[in-house]
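Enquirer: Next input, structure requested:
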Amino acid sequence: MHATYWTVSDKSLSPVLEPFLRHIAACNSAVLPGGRLPFFCGTEQIGWISPLTAQALETLGLQQDRGFGVKTGAELFPLSRTLCEMGLYASHDEAFDVRNDNGLVLGQVDRGAIPVLGLAAEGVHLNGLVERADGLFLWVARRSMSKRLDPGKLDHLVAGGMSTGLDPQTTVVKEAQEEAGIPAELAATARPVSRIEYALERPEGLRRDVLHCYDLLLPEKFVPVAEDGEVESFHLMPIQDVMALVRDTDSFKFNVNLVLIDLFIRRGLFAPAEADILRNSLAGQPR
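Expert: Purely as a prediction, here's the structure:
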């Protein structure tokens, strides 16, 4: 792992919003139900499943009058393992909580089963910011080519799913140490700034994600170190260059673009009228 100081060619920022709105639209491309069937835990609908998943659940005797489902949350994790054994996904060997619409934990599933069952999942994204005399900079990570999803894409300095038993703040501290070598006492100063939801189809299935977004101001001398092998390299970039990459390319992992657009809005990089349009687009998408 290594850190570099990386810039792109200087470009004046376009007032046209379409290049940014396309990223928001891409992350909200799922039409619900869109041919999917509801998946229940007890009396509560918690997911949307594809016809392929429905066929698998039918063989397991989980068809109901209203769709498919399990009777109790205790059945969720064993079901997720069974679906893995049936070849519907490859296990992540990581348990995630399954919550209802009120945020109450109903049970757990293997992380890989979340898009297969169309469940909502929560995670954190952290903007690693450096304020220098010559402007605002952002630490950007390049994902390892060995990553299962989006190998080689640009990513946040810290980002990760919320494992069983954790909340957003503890997840930030955990992931900051594992992914960038940020000491816990420094990571604990990260400030929650926004919450972003979206729903889209991906090769792994239906993604209905909730992102808890944080800003962390880092010392100028800080250099991240990948502790878990998930990052190929780190780059410190002027915020204007990051904005140009979001505007002109698909270099960033799909959901990172949304968190960065939110950062650009909060840092005043759009005119007020443009910021209002983007803010409403980010906030107006159902999960």
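Enquirer: Next, the buried residues of stretch 57-66.
Expert: Across stretch 57-66, burial judged by 16 or more other CB atoms under 10 Å covers 57, 62. The way it works is simple: take the backbone N, C-alpha and C, and place the C-beta from them, glycine included.
Enquirer: Report the rounded mean pLDDT for it.
Expert: Across stretch 57-66, the average pLDDT comes to 95.
Enquirer: gap between it and the chain center?
Expert: In terms of CA atoms, centre = their mean, to the nearest Å, the centre of stretch 57-66 is found 30 Å from the chain centre.
Enquirer: Can you report phi and psi for residue 80?
Expert: phi -60, psi -40 (degrees, to the nearest 10).
Enquirer: 201 is where my numbering starts, stick with that
Expert: In the new count, where the first residue is 201, that last one comes out as residue 280.
Enquirer: who touches it in this structure?
Expert: 309, 310, 312, 313, 317 (CB atoms under 8 Å, 6 or more residues apart in numbering).
Enquirer: Settle this for me: the second one is touching residue 297, isn't it.
Expert: The one in question is residue 310. No. Counting by CB atoms under 8 Å, residue 310 does not reach residue 297; the two are 11.9 Å apart.
Enquirer: low pLDDT regions in the chain?
Expert: 201-215, 484-487 (pLDDT under 70).
Enquirer: excluding its backbone neighbours, what's nearest residue 433?
Expert: Excluding the flanking residues, the one nearest residue 433 by CB to CB, 6 or more residues apart in numbering is residue 342, at 4.9 Å.
Enquirer: quick one: what helix or strand has that neighbour in it?
Expert: Residue 342 is located in strand 335-343, with elements delineated by DSSP states H and E.
Enquirer: now for that strand, which elements pack on it?
Expert: Judged by 3 or more CB pairs under 8 Å, 6 or more residues apart in numbering; DSSP states H and E, strand 335-343 is in contact with strand 320-332, strand 354-356, helix 368-380, strand 431-438, helix 439-448.
Enquirer: and the ones you listed as JSON lines, adding distance to residue 405 and mean neighbour count?
Expert: Below are these laid out as JSON lines (distance: least, CB to CB, whole Å; neighbours: other CB atoms under 10 Å):
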{"stretch": "strand 320-332", "distance to residue 405": "11", "mean neighbour count": "21"}
{"stretch": "strand 354-356", "distance to residue 405": "21", "mean neighbour count": "24"}
{"stretch": "helix 368-380", "distance to residue 405": "22", "mean neighbour count": "21"}
{"stretch": "strand 431-438", "distance to residue 405": "25", "mean neighbour count": "20"}
{"stretch": "helix 439-448", "distance to residue 405": "26", "mean neighbour count": "20"}
